[in-house]
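Participant: the sequence and its predicted three-dimensional model are supplied below.
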Amino acid sequence: MAEPIAFLPPAGSRIAVLGACGGIGADVVRALVDGGCTVIAMDLPKSLAEAPSPAHHAVAFDGRDPASIETAFAQVAGIAPELDGLVIASGFAGPRQPIDQWDIGQIDDVLEGNLRLMTLCLRAAVPLLRHGRPASVVMLTSDMAYIPQAGYAPYVAAKAGMVAMGQSVARELAPSVRINFVSPGAVDTPFLRGGRGRSTDPTAPLRFDMAAYLAQVPLARMATAADVTGPILFLLGPASDYMTGTVLHVSGGAFMG
């Protein structure tokens, strides 16, 4: 009788989660801990202080500071010299406004807090991922990279660039390391009101017209963090062993491609 397919990372897997205090990151951490994995939560010091994580270890860092990234991954190496998995779920969109109203500092902030951060973190993690066992990286992008929304040009560019960057690195690191992507639409988390570390006010205005958005979603509801966690766990686990460079769209059918 054939062995059942294992969809989750094996118990005991050592997995670092960047953006571990955000709505999706926190849900991923809980699921991994419940599954018996050893989890290292990585986020801003303020975020880790405001939202203590159930992860086994916490490493504070500022992804806009290259020295902080290097120091953080040196700490990770002291905890787990070999990582079985890495989830990069950090980022923010910035204000919604026409391109001619974005000043250079705002543009740089969004590009640095998304594309640059993810590139530098992936670079720093590579020595911990290259070992005898296959390792899996899952990067959280956004369906705004595929259905661009007016007013978010820097964020759209950053998320689209992240996929291109990650696919390039996936070719470099194969077959020892797999890199895949989960691309959600709007998810009902604090991100929609600024993101943890920037705003935790549940009454802050949404970034978009909810009714207009849902009219474009065949499944007719907002995603929850759990809707995104499932695909992330699948890509971390052995059932996706023959996948690399792949984007899984989790948008209720708003994007079909």
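Facilitator: Looks like it came in fine. Numbering: from 1, shown residues only.
Participant: centroid residue for the chain?
Facilitator: Most central in the chain under Cα atoms, centre = their mean is A89, positioned 1.9 Å from the mean C-alpha point.
Participant: my guess is it contacts G25, does it?
Facilitator: Yes: using Cβ atoms under 8 Å, A89 is in contact with G25, at 4.2 Å. (Each C-beta comes from the backbone N, C-alpha and C, glycine too.)
Participant: overlap in contacts, these two.
Facilitator: V17, L18, G19 (Cβ atoms under 8 Å, 6 or more residues apart in numbering).
Participant: what is the burial count for the closest residue to S176 other than its chain neighbours?
Facilitator: In space, and not counting its chain neighbours, S176 is closest to R130: 5.5 Å by Cβ to Cβ, 6 or more residues apart in numbering. Residues contacting R130 under the criterion other Cβ atoms under 10 Å number 13.
Participant: R130: what's it in contact with?
Facilitator: L173, S176, V177.
Participant: which of the residues you listed fall in helices?
Facilitator: L173 (DSSP state H).
Participant: scan the contacts of R130 and report the most crowded one.
Facilitator: That'd be V177 among those, by other Cβ under 10 Å, with 22 neighbours.
Participant: quick check: beta-bridge partners of it?
Facilitator: A135 (DSSP bridges).
Participant: surely it meets P127?
Facilitator: No: if you go by Cβ under 8 Å, V177 and P127 don't touch, sitting 10.9 Å apart.
Participant: which residue ranges of the stretch 101-250 of the chain form helices?
Facilitator: Under the criterion DSSP state H, counting those that start in this stretch, the stretch 101-250 of the chain contains helices at 104-111, 117-129, 153-173, 210-214, 225-236.
Participant: ok, E50 to P127 distance?
Facilitator: 31 Å (Cβ to Cβ, to the nearest Å).
Participant: which parts of the worst-scoring helix or strand of the chain on mean pLDDT are buried?
Facilitator: One helix or strand of the chain scores below all others by mean pLDDT, DSSP states H and E: helix 210-214, with a mean of 80. Buried residues in helix 210-214, counted by 16 or more other Cβ atoms under 10 Å: Y213.
Participant: which residues touch that helix?
Facilitator: Residues contacting helix 210-214 (Cβ under 8 Å, 6+ apart): G185, A186, A220, R221, M222.
Participant: low-scoring stretches of the stretch 51-200 of the chain, by residue?
Facilitator: By pLDDT under 70, the low-scoring segments of the stretch 51-200 of the chain are 190-200.
Participant: and the pLDDT for A41?
Facilitator: Per-residue confidence (pLDDT) for A41: 98.
Participant: and the strands in the chain?
Facilitator: Here the chain has its strands, by DSSP state E, at 14-18, 38-43, 57-60, 85-88, 135-140, 177-184, 247-250.
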